[in-house]
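**Q** Give the three-dimensional model of this entry:
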Amino acid sequence: MKLLRHLSVAQQLVVGFGVALLVLMAQSLMGFVNAGKTLQIVRGEAAQAMAHHAFSLDIQNALKDEELHLRRMSVQMDGRRIADEAQGAREAAERVTKALSQLAQSGNGARSQPLVQELSELVLQAAPVKDEVIALATALQTDQANSLFDEKLDALSQRRQSVAQALAAAEKQILDSTFASISAQAERDRVMTVILVLVGGQHCCCGGLAVVLKYHASAHGGGARGRFGSGR
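**A** Numbering: from 1, shown residues only. Below is the predicted model of the structure:
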């Protein structure tokens, strides 16, 4: 403050506006940092959560497709149609295996990891039974294929669908939680920006008012001294 008293009005104006400029630069820097944090969340956690949810839905749909192909295959008597249905079942099974592998490799959350492991075990248990059903249907032994499906594969299919549904629900919950975190971060950034703008505006107004009062006092003081000197 003592230093400012020795400055001219023009110099005080420069200092005041320089401080205001520094405050505005600090606001811009803070906004840039907060925006970077939000963008990092969107690109990282949100992208991963959306991918995991997509994988879980693909697993659920692929299991339904596989069961549908196996059921239609077990009632067919046309060798060509049986081969088409068997190929469709195999492709659906490959989709399940691929999606499970992608979920495991991407490091899904603790809430869904046990479900992924359980579903992987059920897929391994159902694989030899499914292959046997396909072999019987391909040999046109439909009665045996239907019997094996009802006795062994149907229960495994229901369990797989139940776990896949729970997995999709868990991944959806994680996705919703991630977007809620993004919304909260955006709200915090907005509040911080408003606070910085208010503080910066207050500093600018106070600095400008102080300079104006100083200039006004200096101008009137000089005028008074001039009139007093002329009176003498």
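
**Q** Output stretch 72-86 as PDB, nothing but the C-alphas.
**A** C-alpha atoms of stretch 72-86 as PDB (Å, rounded to 0.1, in the frame of the first residue of the first chain):
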ATOM      1  CA  ARG A  72     -35.100 -74.800 -34.100                       C
ATOM      2  CA  MET A  73     -32.400 -77.200 -35.100                       C
ATOM      3  CA  SER A  74     -33.700 -80.000 -32.900                       C
ATOM      4  CA  VAL A  75     -37.100 -80.000 -34.600                       C
ATOM      5  CA  GLN A  76     -35.800 -79.900 -38.200                       C
ATOM      6  CA  MET A  77     -35.600 -82.900 -40.600                       C
ATOM      7  CA  ASP A  78     -33.900 -81.100 -43.400                       C
ATOM      8  CA  GLY A  79     -30.100 -81.600 -43.300                       C
ATOM      9  CA  ARG A  80     -29.400 -78.200 -45.000                       C
ATOM     10  CA  ARG A  81     -31.600 -76.300 -42.500                       C
ATOM     11  CA  ILE A  82     -30.000 -78.200 -39.600                       C
ATOM     12  CA  ALA A  83     -26.600 -77.200 -40.800                       C
ATOM     13  CA  ASP A  84     -27.700 -73.500 -41.100                       C
ATOM     14  CA  GLU A  85     -29.100 -73.500 -37.500                       C
ATOM     15  CA  ALA A  86     -26.000 -75.300 -36.200                       C
END
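
**Q** Now that stretch: buried residues?
**A** For stretch 72-86, a neighbour-count test (16 or more other CB atoms under 10 Å) marks 72-74, 76, 82, 85-86 as buried. The way it works is simple: take the backbone N, C-alpha and C, and place the C-beta from them, glycine included.

**Q** List the ones among those that fall in helices.
**A** 72-73, 82, 85-86 (DSSP state H).

**Q** okay if I get these as a markdown table plus pLDDT and distance to residue 155?
**A** Formatted as a markdown table, those follow (pLDDT from 0 to 100; distance: CB to CB, whole Å):
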| residue | pLDDT | distance to residue 155 |
| --- | --- | --- |
| 72 | 86 | 19 |
| 73 | 83 | 19 |
| 82 | 88 | 23 |
| 85 | 90 | 21 |
| 86 | 89 | 21 |
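
**Q** Adding distance to residue 187, write the residues you listed out as TSV.
**A** As requested, those are exported to TSV (distance: CB to CB, whole Å):
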residue	distance to residue 187
72	52
73	54
82	58
85	53
86	54
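
**Q** which of these lies closest to residue 147?
**A** residue 73 (14.2 Å; CB to CB).

**Q** Isn't the closest one up against residue 85?
**A** Yes - using CB atoms under 8 Å, residue 73 is in contact with residue 85, at 3.6 Å.

**Q** Overlap in contacts, the two.
**A** Common contacts of residue 73 and residue 85 (CB atoms under 8 Å, 6 or more residues apart in numbering): residue 137.

**Q** Look up the closest residue to residue 46, ignoring the ones flanking it.
**A** residue 178 (5.2 Å; CB to CB, 6 or more residues apart in numbering).

**Q** pLDDT on the helix or strand containing that neighbour, on average?
**A** Counting by DSSP states H and E, the element that carries residue 178 is helix 154-231. Across helix 154-231, the average pLDDT comes to 71.

**Q** Start at 846, not 1
**A** Got it, first residue is 846 now, which makes that one helix 999-1076.

**Q** Find the nearest non-adjacent residue to residue 947, please.
**A** The nearest residue in space to residue 947 (CB to CB, 6+ apart) is residue 900, at 5.5 Å.
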